[in-house]
Each structure stands twice: as C-alpha cells, then as structure tokens.
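Student: Structure, please.
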Amino acid sequence: MVQGTETGAGVIRLAWPDVGPAELAAVADVLESGFLTMGPKVEEFERGLAAACGTPDAVAVASGTAALHLAVLASEIGEGDEVIVPAYTFPSTANAVVLSGATPVLVDVDPVTMNVDPSAVYDAVTERTRAVIAVHLFGRPLDWEALQSAVPPDVALIEDAAGALGARWRGMPCGGLGVMGCLSFHPRKVVTTGEGGAVTVFDPSLSAAVRRLRHHGIDAGSGVDIVRPSTNYRLSDLQCAIGVTQLARLDELLRERRRVAEAYNERLAEIVTTPAADDGDEHGWQAYVVQVERRDDVLAALRAQGIEAQIGTYALHRLSAYREQGRFPCADACFERALALPLHSRLTDVEIDRVAAALDKEVSRH
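Tutor: Numbers count the residues shown, from 1 in each chain. Below is the predicted model:
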C-alpha cells in the first residue's frame with residue numbers, strides 16, 4: 001500500500017515503458033558482440049524507422065531535441081533567419097531554433113486540437129521565414145494540407161513528430177510528411193530507447209548533412225577533415241537494440257494505447273473535453289490529454305489520490321526565454337486547461353475506472 005494518498009490505494013503511474021525480456025535479450029546480444037555504438041543495430045533501427053515513416057532514410061540521434069537541432073542545422077538555417085513554431089509545445093521545439101542561431105517566431109494554436117493554427121502561420125510568414133516546425137501534439141496529426149497552403153513553397157516544413165510515431169494523416173505516416181521529421185524515444189513515447197531520437201529524411205543531401213553533424217561534423221567520405229564543427233549526437237547500439245525490438249512491436253504498442261484511450265473516451269466523454277483525431281486520421285496516443293476548468297486544482301486532487309497526472313505541455317510565451325513574443329490567447333487557454341492522464345499498456349480497467357471516477361468527482365464539485 002502506498003502511503004500519503006487519500007484512498008490508500010496504490011499509485012497509478014503516468015507512464016510505464018512497455019519493455020521486458022525481449023529488450024533485455026537484445027541488449028545482452030549487443031554487449032556480447034562488442035559493438036556498443038555506431039554498429040549494426042544503429043543501422044537496423046534506422047532502416048526500420050524509415051520503413052515505418054515511409055521515407056528513404058532515417059538517422060538515429062541522441063534525443064528528440066537533438067533531432068530538431070540537427071534538422072535546423074542541416075537546413076543551413078542560422079543567424080538572421082526566422083523559424084515559425086507553435087506557442088503551445090514542449091520547449092525543445094523553439095530551443096532547437098535558438099541553439100542554431102536563428103529566431104523562433106511563436107504563433108497561436110487551435111484551442112480544440114491544440115495543434116498549430118495554419119492561419120496564424122500564414123500571418124507570421126515574412127521574407128526572413130525559412131521554415132516551420134510543425135508539431136503533431138500528443139500524437140494528434142495536424143492538418144497538413146492547411147499548413148502547406150499557409151506558406152510559400154520555399155519555406156521548409158519540418159515535422160516535430162516526437163510523439164507521433166505510428167500516427168497517420170489521411171493514411172500517410174506522420175514523420176514522413178515534411179522535408180524532415182523529428183522523432184523522440186523518451187520513456188513516455190510509444191517506442192522507447194530510454195533516451196533517443198531520429199531524423200527521417202527524403203533528400204540524400206540533407207541525410208548526409210544530418211549524419212555528418214551528429215558525428216562532430218566529420219564527413220565519412222573526407223578522411224579526417226571537418227568543414228563545419230558540430231557535436232556528438234550519436235545513439236548507441238545498446239539503445240538501438242531496444243529500439244529495434246520495440247519497433248517490431250509497434251502495432252501492438254499502438255493497439256494497447258488505443259485500448260486505454262478508447263476506455264477513457266467511453267468513461268469521460270460527458271465529463272471533460274476528450275482528445276480525438278480528425279476524421280480519416282489516426283491518433284498516435286503518445287499522451288491522453290483532456291481539457292478541464294481549474295486544471296491546477298484537478299491536478300492536485302488527482303495526485304492526492306495517488307494518480308500521477310501532469311500538465312499537457314508548455315505555453316512558451318510564459319517562459320522567461322520567450323516572454324517578449326506577444327499574446328497568444330489560445331495557447332494560454334490550452335496551457336490552463338490541458339491535463340495529461342495516465343497512459344500505458346499496464347493500465348487495467350479497474351485503474352481506468354479509478355482515474356475516471358476521481359476526475360468525475362473533482363469536476364462535479366464545481
């Protein structure tokens with residue numbers, strides 16, 4: 001029994017990576033092989049990711065943030081350039097732009113989907129705009145056609161698909177819609193490697209640039225020369241071995257998350273604003289995020305009952321680093337209302353019932 005909760009019941013975890021004996025055996029095989037980094041498992045994982053996203057290539061890197069940073073760097077975006085990012089997203093979306101020397105330009109989001117508002121993107125484009133980093137937030141595909149219509153052809157569309165591996169827009173896999181896609185394999189994601197990420201790429205020259213930049217700037221075909229210094233964003237074979245095993249189970253992992261999401265929808269549809277994908281799209285269910293009034297009060301009440309809930313994500317203009325960007329009322333509304341509920345394959349119907357009952361009780365109090 002877990003102490004310190006109102007009910008005395010065990011804690012319901014927010015996330016629990018679906019790993020087990022297969023992943024353990026894969027790691028053991030790598031340890032026995034002696035190839036701990038940049039070996040065959042890295043290449044195998046990359047091939048699997050490219051196939052999953054429908055792209056010619058994928059480059060495994062150290063994290064989702066590293067993927068975003070390298071996508072911007074490989075696009076040769078830097079000082080004097082602008083990159084449009086949603087005002088409601090995890091900070092790494094904008095941080096990657098700053099770390100590249102460019103200027104992130106925040107735009108508002110749709111208050112229902114919580115994804116970037118294409119009309120706001122259209123209004124934000126200037127002669128300095130080089131790219132848009134478009135986020136499929138929490139695994140919900142954004143309206144890609146509307147986004148494409150909002151920008152000139154020379155503005156690159158980079159996907160922040162950190163939480164959208166397995167999601168589909170009109171049947172097409174997220175991570176394979178933009179000029180590059182950026183994936184994350186953090187433990188809260190559908191496929192995890194502990195920490196890790198990848199860049200999915202169509203253009204061979206961009207693929208070569210990402211590979212060079214993840215490895216200190218060393219060009220594989222140039223001997224020992226470095227033309228453009230970079231850093232170490234490599235991902236080890238140990239992590240990729242886990243990723244290969246996870247990726248082979250992608251359909252199963254998505255199915256389990258869909259089970260939980262559908263169970264929540266059934267119980268919560270009349271209580272709070274529940275998440276969904278547009279007709280014809282498939283949600284990736286990286287997170288199950290509802291919208292409620294008095295979010296902070298509800299969050300505190302759930303935690304007091306041993307339910308690990310969390311805010312959805314960040315309103316960037318409320319952070320000191322991005323406070324001078326202006327007002328974004330829809331991002332404010334999302335930030336103040338969004339609540340992430342426990343979502344992982346170990347959740348039982350009894351635990352889902354407990355989360356739903358606790359949420360119903362707290363929402364009904366006011």
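Student: Val355 and Glu308 touch, don't they?
Tutor: No - using Cβ atoms under 8 Å, Val355 makes no contact with Glu308, being 9.8 Å away. The C-beta positions use only the backbone N, C-alpha and C, and glycine is treated the same way.
Student: next structured bit after the lengthiest helix in the chain?
Tutor: If you go by DSSP state H, the chain has its longest helix at helix 250-268. Sequence-wise, the next helix or strand downstream of helix 250-268 (DSSP states H and E) is strand 288-291.
Student: Let me know the secondary structure of Leu14.
Tutor: coil (DSSP: H, G, I helix; E, B strand; the rest coil).
Student: neighbours of it, just the number please.
Tutor: Each residue near Leu14 was counted by other Cβ atoms under 10 Å, and the total is 16.
Student: Low-confidence regions, the chain specifically.
Tutor: The model of the chain has pLDDT under 70 over residues 1-8, 222-223, 366.
Student: Break it down into its domains, please.
Tutor: If you go by automatic domain parsing, the domain ranges for the chain are 21-248, 250-364.
Student: closest one to Leu14 among those?
Tutor: Nearest of those to Leu14, taken as Cβ to Cβ: domain 250-364 at 3.8 Å.
Student: Start and end of the closest one, how far apart?
Tutor: 37 Å (Cα to Cα, to the nearest Å).
Student: all strands for the stretch 51-200 of the chain, in order.
Tutor: Taking DSSP state E, counting those that start in this stretch as the criterion, the stretch 51-200 of the chain carries its strands at 57-61, 82-86, 103-107, 129-135, 156-160, 168-169, 172-173, 180-184, 197-201.
Student: Can you add mean neighbour count and distance to Gly217 and give those strands back as a markdown table?
Tutor: What follows is the strands of the stretch 51-200 of the chain, written out as a markdown table (neighbours: other Cβ atoms under 10 Å; distance: least, Cβ to Cβ, whole Å):
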| stretch | mean neighbour count | distance to Gly217 |
| --- | --- | --- |
| strand 57-61 | 28 | 14 |
| strand 82-86 | 27 | 22 |
| strand 103-107 | 22 | 24 |
| strand 129-135 | 25 | 21 |
| strand 156-160 | 26 | 21 |
| strand 168-169 | 21 | 34 |
| strand 172-173 | 18 | 30 |
| strand 180-184 | 30 | 18 |
| strand 197-201 | 31 | 16 |
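Student: hmm, back to that, which one of the domains of the chain has the most crowded surroundings?
Tutor: Most buried of the domains of the chain by mean neighbour count (mean count of other Cβ atoms under 10 Å) is domain 21-248; its value is a mean of 21.
Student: Ends of that one, what's the gap?
Tutor: End-to-end distance for domain 21-248: 14 Å, by Cα to Cα.
Student: next one: stretch 279-296
Tutor: Termini of stretch 279-296 sit 31 Å apart (Cα to Cα).
Student: Would you check the distance separating it from the middle of the chain?
Tutor: Here stretch 279-296 is found 13 Å from its chain centre; the criterion is Cα atoms, centre = their mean, to the nearest Å.
Student: try stretch 247-264
Tutor: The answer for stretch 247-264 is 16 Å, by Cα atoms, centre = their mean.
Student: Show residues contacting stretch 147-158.
Tutor: The contact list for stretch 147-158, computed with Cβ atoms under 8 Å, 6 or more residues apart in numbering, reads 68, 71-72, 75, 116, 118-119, 121-122, 125, 129-134, 177-182.
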